[in-house]
Structures are given as C-alpha cells and as structure tokens.
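**Student:** Predicted model and sequence follow; I will ask about them next.
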Amino acid sequence: MKERETNSKMERRAADNPRGFSMIELCVVVLIICVISAIAVPQVMPFLYTARADASARMVVAQLRQAREYAIANRRYVQISFPPGPGGVSQVQTVIKNSLTAGAGPDGNPVTVPIVLPYTFTVFGVLADTPDAFGNSSAIEFENINGGPAGGMYFQSDGELVDALTFLPINGSLFIGDVGQKTTARAVTVLGATGRVRAWTATSGSWLQF
C-alpha cells in the first residue's frame with residue numbers, strides 16, 4: 001500500500017514538472033536561426049548602407065542651412081570649411097565672423113561636426129555631375145576649385161554664399177559616400193546667389209534630389 005502511494009506521488013510530481021528541451025531540439029532551433037540570418041543579412045545590408053549614406057548627406061545639409069540661417073538672423077558672416085579630421089574623418093566646420101562687423105568682438109569658436117566613417121567626402125569618377133552642374137572633378141568643389149577658394153567662403157546676411165575675398169556669390173558641390181560602395185554616393189549642392197542647399201542621391205548612373 002505504501003509502495004503504491006509512493007509511486008502515485010512520484011507520478012504526480014513528474015506530471016507537475018514541465019518537460020525541458022532536449023539538446024537535439026535546441027540545436028535544431030539554433031540551426032534554423034542561423035539559416036534565416038544568413039538569408040536575411042545580405043538582403044538588409046544594402047538598406048542599411050543607404051540609410052547611413054542618407055543620414056550623412058542630411059547632416060551636411062543641416063550644418064550648411066543652420067550656418068545660412070544664423071547669418072541671416074544675426075546679420076553676421078558665417079564661414080564654412082571642410083577641414084580633414086584625425087584618421088581621415090571628413091568634417092563640416094562653421095565659424096561666426098564677428099570681426100567683419102565693427103564693434104562685434106572677436107570671431108566665435110569653430111563648431112566642427114564630423115561625418116561618421118566609413119562615409120567621407122569622396123568623388124565617384126564613374127558618375128556624372130549633378131543636375132546643378134557645379135562641378136564634380138573633386139569631392140569638395142566650389143567655383144571649380146578643389147576645396148573652395150583659398151581665402152575661404154561665407155554665408156552673408158542676405159543668405160548668399162560668397163568668396164571671402166571678392167564677396168561674389170560662388171556655387172559648389174560636395175560628394176559623400178563609402179569609397180567601396182557606389183550605391184552610397186550622395187551629393188550636396190549650394191547655389192551661391194541664394195544660398196539654397198540641396199541633397200542628391202545616385203540612382204542608376206544619374207542623380208535624384210531627396
């Protein structure tokens with residue numbers, strides 16, 4: 001009788017305890033996950049490259065537009081430049097040029113914003129110029145000058161982008177991307193006469209505004 005009660009208790013305990021997964025079942029699940037990942041990752045990566053390239057171009061556009069808006073709102077010259085950073089990092093730098101305004105005090109401290117690697121200012125030689133046609137012989141080109149005019153360039157209080165020496169409007173193009181990925185090619189153009197800034201993406205050998 002006692003033996004039956006003992007067996008009955010053991011059976012109830014066994015029924016109450018949830019059954020775990022066997023090692024074979026766990027291995028099968030892991031294998032399925034690995035197969036799905038191997039199929040999905042190559043499909044997802046191009047979209048990830050595209051999103052990051054778009055974000056890099058939008059960052060450059062945002063910095064240029066902010067510089068222009070500050071120049072208009074505060075009636076100041078705002079210098080823009082693109083000095084290389086450590087490790088080949090591409091950068092956008094702005095400086096408020098108070099020294100051009102009598103009694104305004106010294107120039108402001110430079111504000112430098114880097115582009116996240118592997119995206120840099122780079123030109124893809126196989127691609128034609130943007131529809132704005134401001135030049136594409138170099139990654140940073142203003143008035144057909146690699147890197148821009150020697151004396152620098154400013155956004156001024158009417159919104160124009162001008163040569164810092166002549167104060168004449170200058171047009172320019174910036175090309176951005178991952179050197180090893182043609183699909184990441186992006187461009188930013190600036191129309192000097194109005195300071196208009198536009199972003200472009202390379203699609204099937206041509207450029208589309210975005």
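**Tutor:** That came through, no problem.

**Student:** Residues contacting the lengthiest strand in the chain, please?
**Tutor:** In the chain, assigned by DSSP state E, the strand with the most residues is strand 181-191. For strand 181-191, the external contacting residues (CB atoms under 8 Å, 6 or more residues apart in numbering) are 46, 49-50, 52-54, 56-57, 60-61, 64, 119, 124, 126-127, 130, 132, 134, 136, 142, 161, 171-178, 196-202, 207. For glycine as for every other residue, the C-beta is placed from the backbone atoms N, C-alpha and C.

**Student:** List the ones among those residues that fall in strands.
**Tutor:** By the criterion of DSSP E, membership of those in strands covers 142, 161, 172-178, 196-202, 207.

**Student:** circling back: for the buried ones among the contacts of strand 181-191, write the corresponding PyMOL selection.
**Tutor:** To isolate the buried subset of the contacts of strand 181-191 in PyMOL, counting by 16 or more other CB atoms under 10 Å, use the following:
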select buried, resi 49+52+53+54+56+57+60+61+64+119+124+127+130+132+134+136+142+161+171+172+173+174+175+176+177+178+196+197+199+200+201+202+207
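
**Student:** What distance do you get for the closest residue to F142 other than its chain neighbours to A164?
**Tutor:** Nearest non-adjacent residue to F142, counting by CB to CB, 6 or more residues apart in numbering: G172, 3.4 Å away. Going from G172 to A164 by CB to CB, to the nearest Å gives 13 Å.

**Student:** which neighbours do the two share?
**Tutor:** Common neighbours of G172 and A164 are listed as M153 (criterion: CB under 8 Å, 6+ apart).

**Student:** what about the helices in the protein?
**Tutor:** Remark: helices assigned in the chain by DSSP state H are 2-16, 23-74.

**Student:** Enumerate every residue touching the nearest residue to V179 once chain neighbours are set aside.
**Tutor:** Once flanking residues are discounted, V179 sits nearest to T122: 5.4 Å by CB to CB, 6+ apart. Neighbour list for T122: 139, 175-177, 179 [criterion: CB under 8 Å, 6+ apart].

**Student:** pretty sure L64 contacts V92?
**Tutor:** Yes: counting by CB atoms under 8 Å, L64 touches V92, with 7.3 Å between them.

**Student:** Common neighbours of these two, please.
**Tutor:** Contacts common to L64 and V92, judged by CB under 8 Å, 6+ apart, are I80.

**Student:** Give me the helix or strand of this structure that scores worst on average pLDDT.
**Tutor:** When the helices and strands of the chain are compared on mean pLDDT, DSSP states H and E, helix 2-16 comes out lowest with a mean of 55.

**Student:** circling back to that earlier point, what strands line up against the longest strand of the chain, and which way round?
**Tutor:** Sheet partners assigned to strand 181-191 using DSSP bridges are listed as strand 172-178 (antiparallel), strand 196-203 (antiparallel).

**Student:** average pLDDT for the first one?
**Tutor:** Averaging the model's pLDDT scores along strand 172-178 yields 96.

**Student:** before we move on, what about stretch 158-165?
**Tutor:** For stretch 158-165, mean pLDDT rounds to 97.

**Student:** Show me the contact partners of that stretch.
**Tutor:** With CB under 8 Å, 6+ apart as the criterion, stretch 158-165 contacts 68, 71-72, 79-80, 143, 149-156, 168-172, 190-195.
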